[in-house]
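Engineer: model this:
(2 chains)
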Protein chains: 2
Amino acid sequence: MAEENKVSLHGFFASPYVRRVELALKFKGIPYQYVEEDLKNKSSLLLKYNPVHKKVPVLVHNGKPIVESLVILEYIDETWKNGPRFLPEDPYKRAQIRFWASFVHQQVFENMVLILKTDGEAQEKAVKEVSEKLSLLEEGIKSIFAEGVPIINQKNVGLLDIVIVSTFGSYKAQEEVLGLKLIDPEKTSPLLFSRLKALLELPVVKGALPPHEKVVGALKFMRQNALNSASV
Amino acid sequence: MAEENKVSLHGFFASPYVRRVELALKFKGIPYQYVEEDLKNKSSLLLKYNPVHKKVPVLVHNGKPIVESLVILEYIDETWKNGPRFLPEDPYKRAQIRFWASFVHQQVFENMVLILKTDGEAQEKAVKEVSEKLSLLEEGIKSIFAEGVPIINQKNVGLLDIVIVSTFGSYKAQEEVLGLKLIDPEKTSPLLFSRLKALLELPVVKGALPPHEKVVGALKFMRQNALNSASV
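Structural biologist: Numbers count the residues shown, from 1 in each chain, chains lettered A, B, ... in the order given. Alright, predicted model coming up:
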């Protein structure tokens, strides 16, 4: 690795935000050093690199930190032109992709976290929210790929694909822990589901997602923690 | 206006999100039709163009809608290459600008809205939050302009400038309604304040910000509404 391309990533194995940065680096074929953070005892480097949010992921490129997963994805795409281009050339398509990536990032994922951390009525409300957001996302995917969906491969994978597979890639673990169906391939999410299935078949994705049992363990731990502190 | 460049903007006069799109269009010299929305009785066009959030601003370019103010700003910059470029060429600087623009958009402005809509302890908490976020922003501005701050003019104004002036441009009206100082030019925000002052001197900005009294009226109305519904 040349001195001028020293790349490291501060992350946490169960974070979908970190996962999307890892996937982006792997799709581009960029060698990097991975630093797993203990989120209860963050490294001084992490605090130095991300003094504002003190959160992972942080990408460090030649000593310069970049934070916020969607900002990092665009940085990677603009810095390394090799491999797949994560955003299309056309400004309107770029705007659509940016909009829906941020929609999944903020609106869908936040409610998925709520489902994990709540029970009873609060959880029912969050389940309904996710289902409504997924219906909207389905329309979004339809509008983006109005000209037909290309067969996904390692060379044409895009920013929204990376956000989709990092957010929903562990859906089986999520459904096992929650005992409910998040993504309904029959009703709300046929396009999302078929796209996700195709993405999960890519070797890069297979190599980057944490094993099912490890995710189940992490999700159970987070759920128990949240429910315990809510009932105190 | 050529048929291939029909631009309209659905907005609301008191929205800083709309203001930043207007400023971007004016800085680029793009002619557009402005459609003021009645937010209690939204037009069918607005609902058609933004079915996901049903919110302003919506930019419509040759019949195609773009939503979310930061997505719109990048779209404008990528579509019309004339006039100032809102983002620099260097990917690292672009990432910094995107990070801080989204920080002001989400973290600072949301707490400013909370200050407006609360009283007592909740308001004190929001004031403290804004002050802390402004200290962080000050460090951000320092790091972005480490090589020296260029004198701002109509040709070198950038995305972060547009976000800053749309968010803080009516600070005098905000301070009058709230009876407190939001931006402290002596303590937390010397760089932000001097940049804001310079931006407020630009003819485009002077022509785009709504008059002081109109903003005071709108803010008083919003505050009263929020406090009334909270006390019911």
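
Engineer: Could you look up the SS state of the closest residue to A:Ile144 other than its chain neighbours?
Structural biologist: Nearest in space to A:Ile144, with sequence neighbours left out and distances taken as CB to CB, 6 or more residues apart in numbering or on different chains, is A:Gln96 at 5.2 Å. For glycine as for every other residue, the C-beta is placed from the backbone atoms N, C-alpha and C. Using DSSP: H, G, I helix; E, B strand; the rest coil, the three-state assignment for A:Gln96 comes out as helix.

Engineer: Spit out the contact partners of A:Asp38.
Structural biologist: The neighbours of A:Asp38, taking CB atoms under 8 Å, 6 or more residues apart in numbering or on different chains as the test, come to nothing; the list is empty.

Engineer: interface residues of chain A facing chain B?
Structural biologist: Within chain A, the positions adjacent to chain B are A:51-52, A:61, A:64, A:66-68, A:71-72, A:74-75, A:78-79, A:91-92, A:94-95, A:98-99, A:102-103, A:136, A:139-140 by CB under 8 Å from any CB of the partner chain.

Engineer: Buried among those? Make that a ChimeraX selection.
Structural biologist: Typed into ChimeraX, the next command selects the buried ones out of the residues of chain A next to chain B (criterion: 16 or more other CB atoms under 10 Å in any protein chain shown):
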select /A:52,61,66,67,68,71,72,74,75,78,79,91,92,94,95,98,99,102,103,136,140
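
Engineer: Show only the entries of the residues of chain A next to chain B found in helices.
Structural biologist: Counting by DSSP state H, the residues of chain A next to chain B place A:71-72, A:74-75, A:78-79, A:91-92, A:94-95, A:98-99, A:102-103, A:136, A:139-140 in helices.

Engineer: So for A:Leu191, what's the pLDDT?
Structural biologist: Looking at A:Leu191, its pLDDT is 93.

Engineer: rewinding a little: pretty sure the residue nearest to A:Ile144 sits against A:Ser143.
Structural biologist: Yes - here A:Gln96 reaches A:Ser143: they are 7.0 Å apart, a contact under CB atoms under 8 Å.

Engineer: Look at these two and report which has more neighbours.
Structural biologist: When neighbours are counted by other CB atoms under 10 Å in any protein chain shown, A:Gln96 and A:Ser143 differ, and A:Gln96 comes out ahead with 22 against 10.

Engineer: show me the contacts for that one.
Structural biologist: With contacts taken as CB under 8 Å, 6+ apart, A:Gln96 has the following neighbours: A:140, A:143-144.

Engineer: Would you convert the residues you listed into CSV that also reports pLDDT?
Structural biologist: CSV is the format used below for the contacts of A:Gln96 (pLDDT from 0 to 100):
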residue, pLDDT
A:Gly140, 94
A:Ser143, 90
A:Ile144, 89
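
Engineer: So which bits of the lowest-mean-pLDDT helix or strand in chain A are buried?
Structural biologist: Among the helical and strand segments of chain A, the one scoring lowest on mean pLDDT, DSSP states H and E is helix A:212-231, with a mean of 92. For helix A:212-231, the buried set under the neighbour-count rule, 16+ other CB under 10 Å, comprises A:215-216, A:218-219, A:223, A:226.

Engineer: what about A:Pro31, how many neighbours?
Structural biologist: Other residues within reach of A:Pro31 by the criterion other CB under 10 Å amount to 10.

Engineer: Make sure it is actually in contact with A:Ser8.
Structural biologist: No - with contacts defined as CB under 8 Å, A:Pro31 does not count as touching A:Ser8, sitting 10.3 Å away.

Engineer: Pick out the residue nearest the middle of chain A.
Structural biologist: Relative to the mean C-alpha position of chain A, the nearest C-alpha, by CA atoms, centre = their mean, is the one of A:Ser166, at 3.1 Å.

Engineer: So A:Glu78 sits against B:Arg94, correct?
Structural biologist: Yes - in terms of CB under 8 Å, A:Glu78 counts as a neighbour of B:Arg94; the distance is 6.6 Å.

Engineer: can you give me the strands in chain A?
Structural biologist: Secondary structure of chain A, counting by DSSP state E: strands at A:7-11, A:33-36, A:58-61, A:64-67.

Engineer: Show me the shaky parts of chain A.
Structural biologist: Within chain A, the stretches falling below the threshold (pLDDT under 70) are A:1-3, A:148-149, A:232.

Engineer: try 90
Structural biologist: When residues are selected by pLDDT under 90, those of chain A lie in A:1-5, A:14, A:82, A:144-155, A:182, A:187, A:229-232.

Engineer: Now do the domain split for it, please.
Structural biologist: As recorded under automatic domain parsing, the domains making up chain A are A:3-79, A:91-231.

Engineer: and the ones you listed, which is most packed in?
Structural biologist: Between these, domain A:3-79 has the highest mean count of neighbours, a mean of 18, where neighbours are mean count of other CB atoms under 10 Å in any protein chain shown.
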